[in-house]
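> Pasted the sequence and its predicted model underneath.
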Amino acid sequence: MRIERLSFFVESVGAAAEGWRLEGEPGYHPRHWARPGDRFDRACDEHGTQERDVDLVVVELSESHAIVTGSGGDQLRPDDILSGERVAEHEDPRLSRDRSTGTDVTEALAGLLGLPALETAAGGGFDWSPVEAELGVTLPKDYKRFTDAYGAGLVDGHVTVCAPDEPRDWADLVQHNAWAHECVRLDFGGPDNASGGWHLGDSSQWEPQRDDVPSWFHPGDNLISWGHTGHGDLLFWHVKPGAAPEDWPVVFKEEGPYWEQYQAGFSAALVGLLTGEIQSDYLSRWFGGPHSYTP
């Protein structure tokens, strides 16, 4: 059984028949918007503090308001955030794939983004040998297949997918990855040990308390960043020693110290985020559609 999180950002509170009308907007992907009968059981302020219990049943919800009934509505204030949970529906079949090539899910990704079929795309492909030599790894086949066909681009106007040999340094895979590593070294090593080009998996360089090193990242692991957002968030593959590139899960680092794991590769993670099958506290609200890929 998988649980989906629900949220609603309150802008104003007014009276409604047997309840309250909340102006504001739902959080997450539209797939995760609360439906009639769903419940919100917690409220907090915009900073995540002043938590309190509520029991509010959704009567109606749209992209700009919600009508709720129950108890706790009289406690709500502008800038509060409501949260709740429900049991998830079945998994989206578009997440199935051939793990050795990522073929099915990469085709699904292209279709979701309204791109020409992979076989007919005009991209000429890249010489991956120097790129992989520079990064010190063989990259996943599904990522190479996608970028060979479509190049670097912007997913739904929010996430940049990097590619090799890009004249724009922020879209060039090697240059962006070098910058992303500098950002992570600052977290892992602290402000006095953020330079020097040391390997992210070198635990001797980490701060002793490892407060900002995620618990799933172990000595000897690595991160390769393939994308980012305009907000300073970063998307990586979590490279584990001995793991095949097709088994590297995508992880997300927001501009601060927080991380998310998606337990899926490049194509499957993007398909999951675009369809709402993967729920992200940071990305889902940007991927409600219509979907697009802009070079």
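In hand now; what should we look at? Residues are numbered from 1 along each chain as shown.
> Who are the packing partners of the longest helix belonging to the chain?
For the chain, the helix that runs over the most residues, judged by DSSP state H, is helix 173-189. Contacts defined by 3 or more C-beta pairs under 8 Å, 6 or more residues apart in numbering; DSSP states H and E place helix 173-189 against helix 128-135, strand 222-229, strand 234-239. To be clear about C-beta, it is placed using only N, CA and C from the backbone, and glycine gets the same treatment.
> quick one, which of the ones you listed is nearest to Leu115?
Checking these against Leu115 by C-beta to C-beta gives strand 222-229 as the closest, at 16.4 Å.
> Okay, now the sheet partners of the closest one, with direction.
Strand 222-229 has the following strand partners under DSSP bridges: strand 159-161 (antiparallel), strand 234-239 (antiparallel).
> Other residues contacting the shortest one?
In other words, strand 159-161. The contact list for strand 159-161 (C-beta atoms under 8 Å, 6 or more residues apart in numbering) reads 146-147, 152-155, 170-171, 226-230, 235, 270, 283, 286, 293.
> The same query, at a cut-off of 10 Å, please.
For strand 159-161, the surrounding residues in contact (C-beta atoms under 10 Å, 6 or more residues apart in numbering) are 143, 146-147, 150-155, 168, 170-171, 173, 176, 226-230, 233, 235, 252, 266, 270, 273-274, 283, 286-287, 293-294.
> Make a markdown table from the strands paired with strand 222-229 and add distance to Thr49 and mean neighbour count to it.
Output for the strands paired with strand 222-229, formatted as a markdown table (distance: least, C-beta to C-beta, whole Å; neighbours: other C-beta atoms under 10 Å):
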| stretch | distance to Thr49 | mean neighbour count |
| --- | --- | --- |
| strand 159-161 | 30 | 22 |
| strand 234-239 | 27 | 23 |
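> and those as a markdown table, adding mean pLDDT and distance to Pro30?
Shown next, in a markdown table, are the strands paired with strand 222-229 (pLDDT from 0 to 100; distance: least, C-beta to C-beta, whole Å):
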| stretch | mean pLDDT | distance to Pro30 |
| --- | --- | --- |
| strand 159-161 | 98 | 17 |
| strand 234-239 | 98 | 22 |
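> got a markdown table for those, with distance to Leu115 too?
Output for the strands paired with strand 222-229, formatted as a markdown table (distance: least, C-beta to C-beta, whole Å):
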| stretch | distance to Leu115 |
| --- | --- |
| strand 159-161 | 12 |
| strand 234-239 | 19 |
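> Burial check on the residue nearest to Pro26 when sequence neighbours are not counted, number of neighbours?
Nearest in space to Pro26, with sequence neighbours left out and distances taken as C-beta to C-beta, 6 or more residues apart in numbering, is Trp33 at 4.3 Å. Neighbours of Trp33 under the rule other C-beta atoms under 10 Å: 21.
> now swap in Ile224 and tell me
Neighbours of Ile224 using other C-beta under 10 Å come to 21.
> Please enumerate the strands of this structure.
3-16, 19-26, 39-44, 52-61, 65-71, 81-87, 153-155, 159-161, 222-229, 234-239, 250-253, 259-261, 293-294 (DSSP state E).
> Tabulate those strands in JSON lines, adding columns for distance to Ser215.
Below are the strands of the chain laid out as JSON lines (distance: least, C-beta to C-beta, whole Å):
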{"stretch": "strand 3-16", "distance to Ser215": "20"}
{"stretch": "strand 19-26", "distance to Ser215": "30"}
{"stretch": "strand 39-44", "distance to Ser215": "24"}
{"stretch": "strand 52-61", "distance to Ser215": "29"}
{"stretch": "strand 65-71", "distance to Ser215": "35"}
{"stretch": "strand 81-87", "distance to Ser215": "23"}
{"stretch": "strand 153-155", "distance to Ser215": "28"}
{"stretch": "strand 159-161", "distance to Ser215": "25"}
{"stretch": "strand 222-229", "distance to Ser215": "15"}
{"stretch": "strand 234-239", "distance to Ser215": "12"}
{"stretch": "strand 250-253", "distance to Ser215": "12"}
{"stretch": "strand 259-261", "distance to Ser215": "9"}
{"stretch": "strand 293-294", "distance to Ser215": "34"}
